[in-house]
Each structure stands twice: as structure tokens, then as C-alpha cells.
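**Student:** kindly generate the corresponding structure for this input.
(chains A and B)
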Number of protein chains: 2
Amino acid sequence: MDTFNRLTAALKRIGLLDSVSAVLGWDEQVNLPPSSASLRAQQNAAVAEVVHHAFTRPEIGEWITELESTELSADAACIVRESRREYDRAVKLPADFVRRKTEAASEGYHAWTEARKKSDFSAFSPMLQRQITLAHEEAGYLGCSENVYDYWIDRFDPGMSAGVFASLFDELRDPLRDLSEAVLTAPRKADISIFKGFPVDAQESFLREVLTRIGFDFNYGRLDVAVHPFCGGNGWDTRLTTRFAPDNPLDSLFSAIHEAGHGMYEQGLRIGNRKSFGLPLANSVGMGVHESQSRLWENQVARSEAFWAFYEPRYRDAFPTQLKGVSSADLRLAINAVQRQPIRVDADEVTYNLHVILRFQIERALFSGELDVAGVPAAWNELSKELLGLTPESFAMGCLQDVHWSEGFFGYFPSYSLGNVLAAQLWSAANTALPKLQDEIACGNFSSLLGWLQKNVHRHGKRFGTRELVRQATGEEISPAPLINYLRERYSVLYGV
Amino acid sequence: MDTFNRLTAALKRIGLLDSVSAVLGWDEQVNLPPSSASLRAQQNAAVAEVVHHAFTRPEIGEWITELESTELSADAACIVRESRREYDRAVKLPADFVRRKTEAASEGYHAWTEARKKSDFSAFSPMLQRQITLAHEEAGYLGCSENVYDYWIDRFDPGMSAGVFASLFDELRDPLRDLSEAVLTAPRKADISIFKGFPVDAQESFLREVLTRIGFDFNYGRLDVAVHPFCGGNGWDTRLTTRFAPDNPLDSLFSAIHEAGHGMYEQGLRIGNRKSFGLPLANSVGMGVHESQSRLWENQVARSEAFWAFYEPRYRDAFPTQLKGVSSADLRLAINAVQRQPIRVDADEVTYNLHVILRFQIERALFSGELDVAGVPAAWNELSKELLGLTPESFAMGCLQDVHWSEGFFGYFPSYSLGNVLAAQLWSAANTALPKLQDEIACGNFSSLLGWLQKNVHRHGKRFGTRELVRQATGEEISPAPLINYLRERYSVLYGV
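**Tutor:** Got it, this is the predicted structure:
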């Protein structure tokens, strides 16, 4: 067996063990009995240790080094390049640091839940400081102590940086603020109180039909219930989750479609790379591209006029009494309700990115030293006023609302907006390439859209970075214009602004 | 850290990784999407390899050897003794043999399903021969080539042997045959056609109430649906399964109670040994004792007059229209129906052990060389006539009905009967120790029975072998008399014989 085969065999084995972790993670959210959490934590740690041990064997480093000076095919070069990135990260972080970081994540999460409950920022701020210090330390081990925030952004979206995001957000900020103000002050209002008493069974049947029709493959996946919806597993066994409430049917529907967007990306990675399980060829580019797939199906597709042209009669069949007397126009407005409210995860697609810009500005200032931890609440409330036009009632509704920082995730929020930007770019490109797409969707046919995404996004795996992938798929650089145009077009029609 | 602590730390880690395998196994039966089987097979193999590697490290052998010549507490000695047993097995089987055996199990299973479908023994016989040859080879590696069948029996029930089972079965054979003939020819007949159209939802609610009341702890466990009911996991996370059919409510009820009996044993192992996860102290003695717990709850308890004195009104409340016009006496008879039929897994408790004796006699003859593989069908049919009073219509209903041999499980069937024998002995001892037990059960109170089992069986883990455990719990040797007496008593009243 030559060196390259040795490396790929090791990566596939590590991928298998990693996928076992994913099964444990899914099961923990979906099935775990209440008192079994401590066993599960130990199981997770045992598997994580096995994976770490398998990946940090010195031979792997030697194989990578040998292959880096060998002439390789493009695919092989991709495997070696991505292995180097992950291997370095694995071996350069001292075991003691990894242990401290794991502890900090667990203790930080606990402190955050308590602090949020009491809306007490001072109970959380030492933990936030500790996470920032650890974030600097980690970047230092990887040789990035001069550009710590860039390191963290690149962790989630390889090739992206704070500077690229700053330009993107500079172009997005005013148009989004203007559009949201126009919609929020429009005389036409969405009435979401029409969604009352939708039986969960009927919600689930409707939803499963939608997921099957848009192209999620249940032969390689499932749908279950979890408190916080997520997509677990991989394209060989994709585990979607959603949640159901009789008075909030859109939450379960759009959560599930969102997660199915992630899931169809994973399944597309399999379809394009059937023999490459565990290799970078069958792994996603990064968080931004992943989020672009979930957002595109959730927003561009499933909130569109064409989608509801097909699904409105079916939705009325499923909920005849509940939707009696609700006009088509009111249904469309309720599906695309825009609200002035402080919580990111509840935000509509018009205001969502303003919530992200707020976080990006604070994170960037924290890492540049312009802002210290004590200054976060004031900075948050000021930016909230400026961007969202409101001041949160409490820290719990403001700077304590998100879990990310408590577990040491910095540089992750921008990926959400990158996902929205890319979704609009891909949507625009797909509509250009497929001139009949809107008619197809209005007939309940989603296969040419999914095929286009599989061909232009999914099958590439990690062969290209985010920016190159966008160039290949759309012929353009990453750009906020398609998102702005898409939002203006959809919401001006809906709200008459 | 001294040698003993090193050993227990290694065992706990191996136990954790083994329990991860158990999660994968449960998930495979309960959740796996149809096309994800190949991924799961690879995940299973990867974890099995990690476990094998972790257990066969030479240091572990050195630690065991060192501790074998050290003065130890009884618990520590138990840990060392059991580790030696498992370690020897793990290191003495060559990797190539393990691989061939795994392949044979997979190919044997496949050949068996096909052969059974066509009722074609000749399509299965080469696989059976291969498994017998492998069974001899394995026993040889472990130094047991002179007593291969004993080796296999001891694998599932440490300390038991073919000779011990032969004596037991010699005492059981005639009384069971006589009792079953008497019941089968009695004028009083059970009518199981009363079980029609029991809604699955109501079955499940009733069942969950029963499991909770008898003492299965849902804080540390779950109940799900699987094609073949089983109990997965361990006492820290116990995963029961059953299956539901509207026209067979007793199958789901008794399957679930049976599995809960296994589950409560596992949970009792935890309760008695909270800090010993992964150590022999918190592991079951063997298959026979495990089966005694499932059988005791399924048969001695849940088919009893006292149990139904409490549950009959509740069962009628759950299924009022279905049970209308069914008398209490007819309900009791249907719950304790005895039938002449060829399939072991469908057998009632009166005839069940005759099915096992048949298999034991064939296995023993196969391993002693008195019988060759080609002679199995004729031997089966002859024994079937002699023991059960019937000749199977086909090989599928006869010598091809069980999966065990196809996967190389020999010496496993006797454990089922050992379980029945032990269940009756423990039931008799518990009733002597707890004179009010029948009254308690008739009031729906099962806690003193469960407490007695936890104290006298569960908490001991592997500290004693099966025979010593029975001595300690009942003051007697393993004996068939309590089973014979219990069956005679119950069925003579029910059937008036």
C-alpha cells in the first residue's frame, strides 16, 4: 500500500469513528433517558479520545509531509491539503489546553444558562473573558496570534476573514435597515395569530410529504423530534429533527425544511462522492456554504409565491377548519411576517442579518481590544438601537441571548449571514440557468433545482474554498447584491412598499 | 496509580466503548434508514476493532498476571478472574480466525434466510458444517478441543456443562411431556381468537403503565418498537423494544414485560454497583440468569392469577368493547394458552423446554460426532415427534426455524431452559421469603419482589457463578423440581387436569 492509500485508509477509519460520535450526539438530543446523561458524556469523551488518538499518530504527519512534495491529482491534493489543516490543529493544541477548553465550554454553558435565567451579565462576564483568553491562546498555538479573529472565522469558513466580512456587512447594513424600516412601518401588516390549533399529526404528515417532494432521501435518513432542531449524521445516514407545537405550525415546517436543506447537502456530498466517505472530497466546504443550502430551501424556495402556489391547496386540505376564512394574501403575509423584536433565532429574513452584523461588530471589537468584556452590554444595546431600532428589555433578551460565546464559539455568527448571501447568489444563478424553475416549483417539481445544487455545489465537497466555489457556481465573487435585490423584490410586493 | 487501578481504568474505558457498540446496535434495530446498513456495518466493525485493540494490549495481560499472585479482596479477585477469562479469549483467538468467523456469521445468516425461505436444508448444510468446524477450531484455541460443546455452554453460562444440562433435562423431559399431553388433551380449551382489534395506542399506554409499576425505571431507559423485541444497552441506559399488532396484544405485552425483566436486571446491576460501570461487578452472571429474570416477570408474575386480579379491571377499561362478553375464566385461559405447534419462539411455558431439549440433544450429538450435519433433519423430526407429538410440515418449520446455528451460536439454547428452571427456583424462594407476596401483587405492588431480586440476584454481578448464585439465593442446588411443581400447579387449576 503506498503512502496515499495509507493516508486515505486512516482518514476513512477516523471518519467512521467520527460518524459514531455523530450517532451518539443525535441520540443524546432525541432519545437519551433523563438520568443517562452522565454515561453519555463519558461515552462521548471515550470516542473523542479514540478519534484524537487515531488522528495524531505521527505516521499521519509523516505521510502528509511526504505527499506534500509529491505530484498529485487535484483530488489527492485536496485530501492532502485538508489533512494538513486538520492534522496541524490536532497536534498543535496541547492536551492540557484541549482539556481546559473542554472544561471551559462545559462550565461556560452552565454559567450562561444561569446568568441568562437571572439576566445577570456580571455572572457571565468572567466566563466570557476566560473564553476570549482561550480563543487567543488557541490562535497562538496555530501561529495566528496577530489575527485571532481571522483565525476563528477561517475555522468555520476556510478562506474567509474579518476584513472580507466587514466589507460585505458595510454593503448590507444600510439597504437592510432601510428595507426593514419600510416594511415595519408599512400599513399592510402580517397577522400570525391565524396559526392556532394545527394538529401535530397533520403537521407531521404534511411536512414529510414536503421533505420527500423537495428531495430529501428518507432511504438514507430520518426525521425525529428534538427540543432544538438540527441536522445530524452525514449523507449516508442523515438525521433531521424538528419540533411541533399546535399554535406554531410554521416553526416546525420551516425548521424541518431548513434542516432538510442541510441534509440534502450532505446527501449530495454522498451522491457525488460515493466512494469517498470520510475524505474531504465528501465533506462540506464550511459553515457558510452549509447554511446557504438550508437557507435557500427554507427562504428562497419555501417562502416563495411559486412554492405556495403549489402547496396552498394542500395546506388547506390538511387544515381545513383552521384556515377557513384566511385569504391567500393573508396566508402569504403571515408566512413572510416581518417583526421588530430582539431575538436573533426568531428573526425573519429581512432583519436577520442585522442581528448578525451587531454580533460581528462586537466580536471584532473584543478581539481587536477596542472593547472589553465589561463594555459588551452597553455596546450591544447601542448597536441594537442603531440596527434594529429597539433596546432589549433585559440582558437575557440582549447580550445574553445566544449560547455561542459561552462555549467558546467566536467567528461563527458571520457564517449565518454568509449563508444568506450565498443562498441569494445561488438562487439567482439557478434561476438564470433554469429559466423554467419558477413554473416547475409552482407544479411541485423541485428536481432540477436540487440537481443544479448537486452539480454546482454539493459534489465538489472541499475541493474548492468558499470563494472559489461561489465563482465556479455563479461566475461572480461573493456579493451582497443578489440578497438585497431578492429581499427588496419579495417584500416590496408582499408589503406594497 | 497501582496495577489494580490501572486494570480497572482500562476495563471501564473498554466498557464505555462496548456500550457505544450497544447504542449502535440498538439504533440499527430501531432507527436505521434502509440504505444506511452498509455504513452501520462499517461503524460497528470500526468500534469492535477499537475495543479489541484496547483489550488485547499486552500490559493488560501483565497486570492480570501480576494481580493473580497478589492478595486481593473478594471483589478485586472477581475482577481479576473475569478479566483473565475475557483476556485469554481475546488474545488466544488469532485475528485471521476472528475475521473468518465474522465472515461466516454474516454469510451463514444470509444463507439461512434464503434456505429457510425455500425450506431447503441442503442449501444451509454446508454453512452449518462450516460453523461446526469453526466452533471446534475456536474451542481448540482456548484449550478445549476435548470438550467442545462444554466450551460453548460455558461461554454463555460460566460453570455450566453439557453433563449438568443432560441431568437437568433427563429430569425435566418426562414430567413436561406428561403435563403438556394432559393439558393439550384436556376438554377445557383456550380461545385466543378473543384478541382482535386492540388499538395500538391503547396497548402502548397500558403496557407503559405495567412496566413502570413493576419497576422498570424510565429515568434510565426507554421503550421503542423493533421487529424482533430485545433489551439493549445497560443499566445506565436501558433500551427495551417490543412490537405491536392489533390482533395480538399479548405478544406486545409479554414481549415487553420479558424485555423489562432483562432491563430491570441490568438496572439492578447498576443500583448495586453504581461505581463499577464496565467492571464484572456490574455485569450479569450469564445468559441463564439473565433469562431467569425475563422469564420470571413474563411468566411467574405476569401470567399469574394475582397479577390479573389487579390488572383485569384495568385491561377491561383499556379495551372495553374488545373484551365485552369475555369471561374472567376465558381471559385467564387465553393468557395461558397451551398449543401443540412446531415453533420454539411461539411456544407456551409448558412446552417451551421440550423445544430446547430437542435442540440440546441434536447439538450434543453433533459435537460428539454421533450425528453428522446431513442427519440433522431426520433427527429433528424424530425428536419432534417424540417430545412435541408432531412432525413439522417443512424444514422451515423444523430444523431451519432458528437463526442461532447460522451465526455460530451453539450451546446457547440450553440457557433458555436454564432461565426457566432458575426463574421457578427464585420464584419459590421469593414466595417463601415474602409470605405476603401474592397479596401484594394482587394489589399492584411489585416492589418487595423487585427488592428481593435486587438483593439476592442483581447486586452480585459476576461475583458468583450461576450455580453458587442459585445456592446463595435459594439455599438449593440448581433443580428442575420447582419448575415442574410450578407448572403442574398453575396448569392443573387452569385446565382442570
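
**Student:** distance check, the residue nearest the centre of chain A against chain B.
**Tutor:** Central residue of chain A (Cα atoms, centre = their mean): residue A:291, 3.9 Å from the mean position. Counting by Cβ to the nearest Cβ, to the nearest Å, the separation of residue A:291 from chain B is 24 Å. Quick note: C-beta positions are derived from backbone N, CA and C, even for glycine.

**Student:** SS state for that residue?
**Tutor:** The three-state label given to residue A:291 by DSSP: H, G, I helix; E, B strand; the rest coil is helix.

**Student:** the helices in the stretch 201-350 of chain A, which residues?
**Tutor:** Using DSSP state H, counting those that start in this stretch, the helices of the stretch 201-350 of chain A run over A:249-272, A:287-295, A:305-318, A:328-335.

**Student:** is it true that residue A:161 touches residue A:153?
**Tutor:** Yes: using Cβ atoms under 8 Å, residue A:161 is in contact with residue A:153, at 5.9 Å.

**Student:** compare neighbour counts for the two and give me the winner.
**Tutor:** Using other Cβ atoms under 10 Å in any protein chain shown as the criterion, residue A:161 and residue A:153 rank with residue A:153 on top: 31 against 16.

**Student:** list phi and psi for that one.
**Tutor:** Reported as degrees, to the nearest 10, the phi and psi values for residue A:153 are phi -60, psi -40.

**Student:** let me see the contact set for it.
**Tutor:** A:160-162, A:165, A:411, A:414 (Cβ atoms under 8 Å, 6 or more residues apart in numbering or on different chains).

**Student:** most neighbours of all these, which one?
**Tutor:** Most crowded among the contacts of residue A:153, counting by other Cβ under 10 Å, is residue A:414 at 30 neighbours.

**Student:** and that residue, what helix or strand is that in?
**Tutor:** Here residue A:414 sits within helix A:413-433, counting by DSSP states H and E.

**Student:** and the helices of the stretch 201-350 of chain A: which comes nearest residue A:202?
**Tutor:** Nearest to residue A:202 among those is helix A:305-318; the distance by Cβ to Cβ comes to 5.0 Å.

**Student:** which other residues reach that closest one?
**Tutor:** Residues outside helix A:305-318 that contact it (Cβ under 8 Å, 6+ apart): A:202-203, A:205-206, A:209-210, A:301, A:323, A:328, A:331-332, A:335, A:438-439, A:441-444.

**Student:** how about a cut-off of 7 Å?
**Tutor:** For helix A:305-318, the external contacting residues (Cβ atoms under 7 Å, 6 or more residues apart in numbering or on different chains) are A:202, A:206, A:301, A:323, A:328, A:331-332, A:335, A:438, A:441-444.

**Student:** related to what we said a few turns ago, and of the helices of the stretch 201-350 of chain A, who's closest to residue B:193?
**Tutor:** With Cβ to Cβ, the closest approach to residue B:193 among these belongs to helix A:305-318: 38.6 Å.

**Student:** quick one: work out the angle between that closest one and helix A:328-335.
**Tutor:** Orientation check (axes from the mean of the first three to the mean of the last three Cα atoms, to 10 degrees): helix A:305-318 against helix A:328-335 gives 100 degrees.

**Student:** buried residues in helix A:305-318, which are they?
**Tutor:** A:306-312, A:315, A:318 (16 or more other Cβ atoms under 10 Å in any protein chain shown).

**Student:** dump the helix holding residue A:414 to PDB, keeping only the CA atoms.
**Tutor:** In PDB, the C-alpha atoms belonging to helix A:413-433 read as follows (Å, rounded to 0.1, in the frame of the first residue of the first chain):
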ATOM      1  CA  PHE A 413     -22.200  34.200  13.700                       C
ATOM      2  CA  PRO A 414     -20.900  35.700  10.400                       C
ATOM      3  CA  SER A 415     -21.300  32.200   8.800                       C
ATOM      4  CA  TYR A 416     -25.100  32.600   9.200                       C
ATOM      5  CA  SER A 417     -25.100  35.800   7.100                       C
ATOM      6  CA  LEU A 418     -22.600  34.400   4.700                       C
ATOM      7  CA  GLY A 419     -25.200  31.600   4.200                       C
ATOM      8  CA  ASN A 420     -27.900  34.100   3.400                       C
ATOM      9  CA  VAL A 421     -25.700  36.000   1.000                       C
ATOM     10  CA  LEU A 422     -24.700  32.800  -0.800                       C
ATOM     11  CA  ALA A 423     -28.200  31.400  -0.800                       C
ATOM     12  CA  ALA A 424     -29.300  34.500  -2.800                       C
ATOM     13  CA  GLN A 425     -26.400  34.300  -5.200                       C
ATOM     14  CA  LEU A 426     -27.000  30.600  -5.900                       C
ATOM     15  CA  TRP A 427     -30.700  31.200  -6.200                       C
ATOM     16  CA  SER A 428     -30.100  33.900  -8.700                       C
ATOM     17  CA  ALA A 429     -27.700  31.800 -10.700                       C
ATOM     18  CA  ALA A 430     -30.000  28.800 -10.600                       C
ATOM     19  CA  ASN A 431     -32.900  30.800 -11.900                       C
ATOM     20  CA  THR A 432     -30.700  32.100 -14.700                       C
ATOM     21  CA  ALA A 433     -29.500  28.600 -15.600                       C
END
